[in-house]
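S.K.: Quick one, fold the following:
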Amino acid sequence: MKNVAVLVSGGGTNLQAILDSEHRGENLNGRVTLVVASKPGVYALTRAENAGVKTAVVARKEYADSAAFDAALLAVLKENQIDVVVLAGFLSVLGPSAIADFRTLSQLKVGDISPAYQTQDMNGNQLSKIVKLVQIIPTHVASLNEDYLRLEQMALNRKQEKVFGEWLSKKIDGMYVYIDPEFRDGEFANKHWVK
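M.R.: I've put the predicted structure just below:
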C-alpha cells in the first residue's frame with residue numbers, strides 16, 4: 001500500500017473527493033496519509049483532520065527562495081515516507097528539481113547515496129545530481145535555540161517586502177505599466193496597477 005500526500009491550497013474539494021473515494025474502498029493501491037497546505041488556515045486542513053489524516057503547512061512566503069521552499073516540502077514528504085504526491089489545487093509552483101529530487105529521496109535511507117540523475121534548475125538549465133541523504137530532521141515548532149538563523153532571515157525578508165511595498169505605493173502613481181485587458185480583472189496586491 002502506497003502512502004499518498006495530497007498538496008492543497010484552499011477549500012479542499014478535490015481532497016474531499018479523494019477521501020470519499022478512499023472511504024468507499026475505490027483506492028486499492030494507496031491511502032492518503034498526509035495533507036500539505038501551502039498556507040495555514042485553509043479549509044482543506046479541516047477536511048483532512050476530520051478524516052483523521054495528518055496535516056502540515058509549508059508556506060512559500062516563509063522561505064527565502066523557491067529552492068528553500070522545495071527543500072522544506074521534500075523534507076516533510078520524506079519524513080512522512082510518502083510514495084505518491086497528488087497536486088490537488090496546490091497554488092505554489094514546484095521547481096523542476098523538486099520532482100526529480102522527490103523521486104530520488106523517497107528511495108533513500110539515511111547514509112545512502114543516489115545514482116546520478118538528470119534534473120534542471122529554475123532557468124531550465126540541465127543539471128546532473130548525486131545526492132547523499134545525511135540526516136532526516138523531523139518537523140518541529142521553530143525555536144530560537146534551533147532555528148535562529150532561519151528566523152532571522154524570515155524577519156529580514158518580511159522587513160524588505162514591507163519597505164519595498166511602501167516604496168512602491170509611493171511611486172506607483174507615477175509609473176506606467178501596461179496590463180493586457182484580459183488580466184485586468186485579476187486581484188492585485190496594489191490596486192493602483194490598473195489605471
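
S.K.: mind listing what L15 touches?
M.R.: V6, V8, V32, V35, A44, R47, A48, A88 (CB atoms under 8 Å, 6 or more residues apart in numbering). Yep, even glycine has a C-beta here, placed from its N, CA and C like the rest.

S.K.: ok, the last one - contacts?
M.R.: Applying CB under 8 Å, 6+ apart, one finds that A88 lies in contact with V6, L7, V8, G12, N14, L15, I18, A44.

S.K.: what about L151, neighbour count?
M.R.: L151 has 13 neighbours, counted by other CB atoms under 10 Å.

S.K.: on that earlier part again, which ones among the contacts of A88 map onto strands?
M.R.: V6, L7, V8 (DSSP state E).

S.K.: ok, of the contacts of A88, which one's closest to N145?
M.R.: Among the contacts of A88, L7 lies closest to N145 (CB to CB), at 30.1 Å.

S.K.: My guess is that closest one contacts V84. True?
M.R.: No. Here L7 does not reach V84: they are 11.2 Å apart, not a contact under CB atoms under 8 Å.

S.K.: Of these two, give the one with the bigger neighbour count.
M.R.: Counted by other CB under 10 Å, L7 and V84 do not tie: L7 has more neighbours, with 24 against 15.

S.K.: residues contacting the spatially closest residue to the more buried one that is not a sequence neighbour?
M.R.: Nearest non-adjacent residue to L7, counting by CB to CB, 6 or more residues apart in numbering: F90, 3.8 Å away. Neighbour list for F90: L7, V8, S9, S38 [criterion: CB under 8 Å, 6+ apart].
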